[in-house]
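In: can you look at this prediction? I've put the sequence above it.
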Amino acid sequence: MSIKLGSVRAVVVSSPRAAELFLKTHDHVFASRPKTQAAEIVSYGSKAVALTPYGTYWRNVRKLCAVHLLSTSKMEQFKPTRTKMIGLMVDRLRGAGQKEEVVNVSEIVAEVFEKLLYRTILGSGDNNDDDHDDHADDDMRVKEILGEMVKLGGAFNVSDYLPLLASLDLQGLAQRMRQLSESMDKILERIIEKHGQEDRDRNLKDYDFVDILRSKLNQPINPQDQNSEVLGRTHVKAILIDMMVGAQDTSAVAIDWIFSEILKNPLV
């Protein structure tokens, strides 16, 4: 069934045969994401991965992230940090259990994964110097901005379906997203500059995502593609936002469900 949502044509797939055609046979045709006002504003003109239309650029950025940020060796690098923080979480829960205190496991798990997120991506919380409070303030502000970005990005936006009305910003969403984007940009610029000043003192094995992406600045995103875009600061900031949004809730929610299933089925 085909319907029109404003000026956007949509197709409703309601049978297994049609689903196979869309999701398997012609997957490459329908794999792209639609351009939205939120993606244009928050992702610096769709320069990240999650909300970027399928194509050569998307494949190049995805490869960059898979090879340099999300590889097995990179995940192994942060294993000691994960082990330490999860151990502290278990000790905290054990202590509360011994005192017969009521705890909110969801909040504790979310807090642990947030710390891991900011440590892995932004390098926050890996030192005890005078800048520790600044890192904490930035982390808290980043969390607030990301939450608001996700909320606005998922809201119904008239401008996505009636582009002629986009300039009017009837719902005020574009203005709010620009304000959030500007705030996030200032924080990320400060973090990137801080990492640049620390380069001399950082060992390669201690590199976080910011360090890795900084080392790729002004180089082709895909060295094997002669037409590949050169990685700039806007690309770096867009990718960092993508990584943080993608990792913010998924792991914590998964652990939350696992705990729920264990409580309901303790003998498993």
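Out: Perfect, I can see it now. These numbers come from a predicted model, not from an experiment.
In: can you report how many residues neighbour the closest residue to residue 106 other than its chain neighbours?
Out: Computed as Cβ to Cβ, 6 or more residues apart in numbering, the closest residue to residue 106 that is not its neighbour in sequence is residue 256, at 5.2 Å. The way it works is simple: take the backbone N, C-alpha and C, and place the C-beta from them, glycine included. Using other Cβ atoms under 10 Å, residue 256 has 15 other residues around it.
In: please identify the helix or strand for residue 256.
Out: For residue 256, the element it lies in under DSSP states H and E is helix 250-264.
In: one more: residue 39?
Out: Assigned by DSSP H and E, residue 39 falls within helix 37-42.
In: list the buried ones in stretch 169-189?
Out: 169, 173-174, 176-177, 180-181, 184, 187-188 (16 or more other Cβ atoms under 10 Å).
In: what about that stretch, distance to the chain center?
Out: Relative to the mean C-alpha coordinate of its chain, stretch 169-189 is positioned 17 Å out (Cα atoms, centre = their mean, to the nearest Å).
In: check stretch 225-241 too.
Out: 15 Å.
In: how many residues are close by the spatially closest residue to residue 246 that is not a sequence neighbour?
Out: Nearest residue to residue 246 in three dimensions, chain neighbours excluded: residue 50, at 6.4 Å (Cβ to Cβ, 6+ apart). Applying other Cβ under 10 Å, we find 18 residues neighbouring residue 50.
In: over to the one 4 residues further on?
Out: The local packing count at residue 54 equals 15, with neighbours defined by other Cβ under 10 Å.
In: surely it touches residue 28?
Out: Yes: in this structure, residue 54 is within contact of residue 28 by Cβ atoms under 8 Å, at 7.4 Å.
In: which stretches of the chain have low pLDDT?
Out: 125-136, 198-206, 249, 268 (pLDDT under 70).
In: so it: which segments form each domain?
Out: Domains of the chain are assigned by automatic domain parsing as 1-31, 35-264.
In: give me whichever of these is most buried.
Out: Comparing these by mean neighbour count (mean count of other Cβ atoms under 10 Å), domain 35-264 ranks first with a mean of 15.
In: span of that domain from start to end?
Out: Terminal residues of domain 35-264 are spaced 42 Å apart (Cα to Cα, to the nearest Å).
In: that domain: how far from the chain's middle?
Out: Domain 35-264 sits 4 Å away from the centroid of its parent chain (Cα atoms, centre = their mean).
In: sorry, back to before: does anything pack onto the helix or strand just after the helix holding residue 39? Which helices or strands?
Out: Using DSSP H and E, the helix or strand that follows helix 37-42 in sequence is helix 56-68. When contacts are defined as 3 or more Cβ pairs under 8 Å, 6 or more residues apart in numbering; DSSP states H and E, helix 56-68 packs onto helix 233-248.
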